[in-house]
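S.K.: Fold the following and give me the result.
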Amino acid sequence: MFTIELERPEHAPEIEALLDDAFGPGRYAKAAQRLREGNTSIPELSYVAYAGEGEAREMIGALSFWPILIGGEPGLMLGPLAVKPQLRGKGCGIKLMERGLADAKAMGYRLVILVGDAPYYARVGFGPVPPGRLTMPGPVDPSRLLYRELDLGAFSHVKGAVTKPPLGTAI
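M.R.: As a prediction, this is how the structure comes out:
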């Protein structure tokens with residue numbers, strides 16, 4: 001059993017520790033990290049999951065969404081999604097994504113991409129980007145570049161570079 005709440009600034013040290021535990025220092029070298037550098041996650045779409053109560057309460061998961069341009073169209077990048085390694089497979093990651101995707105849709109976002117394991121993310125509706133359709137700011141295994149429409153048809157005409165929005169621009 002766990003609860004999901006919006007991330008707050010005081011969660012930052014616990015989130016960093018969770019990300020280090022889940023991904024190690026190699027996470028900074030990934031292409032998706034290029035889209036996070038100098039960008040700001042969306043506070044209304046950044047979550048943490050806690051299990052336990054009182055002294056036993058601990059952060060077990062975290063998820064954030066980032067504003068990006070996908071072939072010039074506004075969209076979101078999901079990630080990082082981290083769950084405490086010993087608690088993977090218990091549903092926390094799926095619940096975090098379900099909450100985030102529903103909230104993103106309610107906020108008017110139409111399209112989300114991520115770099116990750118296709119069979120896992122297919123459980124919440126992600127599928128592979130057709131080869132050559134999008135380019136990331138660094139090398140990415142094409143089979144791991146995934147997308148999900150939050151609005152039917154949002155991906156139909158999108159192609160090109162995935163980039164950060166211009167500095168100071170809200171999308």
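
S.K.: quick check: longest helix of this protein.
M.R.: Looking across the chain with DSSP state H, the single longest helix is helix 92-106.

S.K.: what's the weakest-modelled helix or strand in the protein?
M.R.: None of the helices or strands of the chain scores lower by mean pLDDT, DSSP states H and E than helix 31-36, at a mean of 80.

S.K.: Work out the gap between the helix or strand that that helix is followed by and the centre of the chain.
M.R.: Sequence-wise, the next helix or strand downstream of helix 31-36 (DSSP states H and E) is strand 46-51. Offset of strand 46-51 from its chain centre (Cα atoms, centre = their mean, to the nearest Å): 14 Å.

S.K.: again with stretch 96-111
M.R.: Once both centres are worked out by Cα atoms, centre = their mean, stretch 96-111 turns out to sit 11 Å from its chain's centre.

S.K.: And for stretch 106-126?
M.R.: 8 Å.

S.K.: Straight-line length of it, end to end?
M.R.: End-to-end span of stretch 106-126 (Cα to Cα, to the nearest Å): 18 Å.

S.K.: Now it: average pLDDT?
M.R.: Throughout stretch 106-126, pLDDT has a mean value of 97.

S.K.: how about that stretch: buried residues?
M.R.: Under the neighbour-count criterion of 16 or more other Cβ atoms under 10 Å, stretch 106-126 has 109, 110, 111, 112, 113, 114, 115, 116, 121, 124, 126 buried. Any C-beta I mention is one placed from the backbone N, CA and C, and that applies to glycine too.

S.K.: Likewise for stretch 95-105?
M.R.: Buried residues in stretch 95-105 (16+ other Cβ under 10 Å): 95, 96, 97, 99, 100, 101, 103, 104.

S.K.: could you dump the residues you listed to TSV with distance to residue 40?
M.R.: Output for the buried residues of stretch 95-105, formatted as TSV (distance: Cβ to Cβ, whole Å):
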residue	distance to residue 40
95	24
96	19
97	20
99	20
100	16
101	20
103	17
104	16
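
S.K.: Looking at those, which two lie furthest apart in space?
M.R.: Spatially, the most separated pair among these is 95 and 104, at 14.9 Å (Cβ to Cβ).

S.K.: following the longest strand seen in the chain, which helix or strand comes up?
M.R.: Longest strand in the chain, counting residues (DSSP state E): strand 58-70. For strand 58-70, the following helix or strand on the C-terminal side (DSSP H and E) is strand 73-83.
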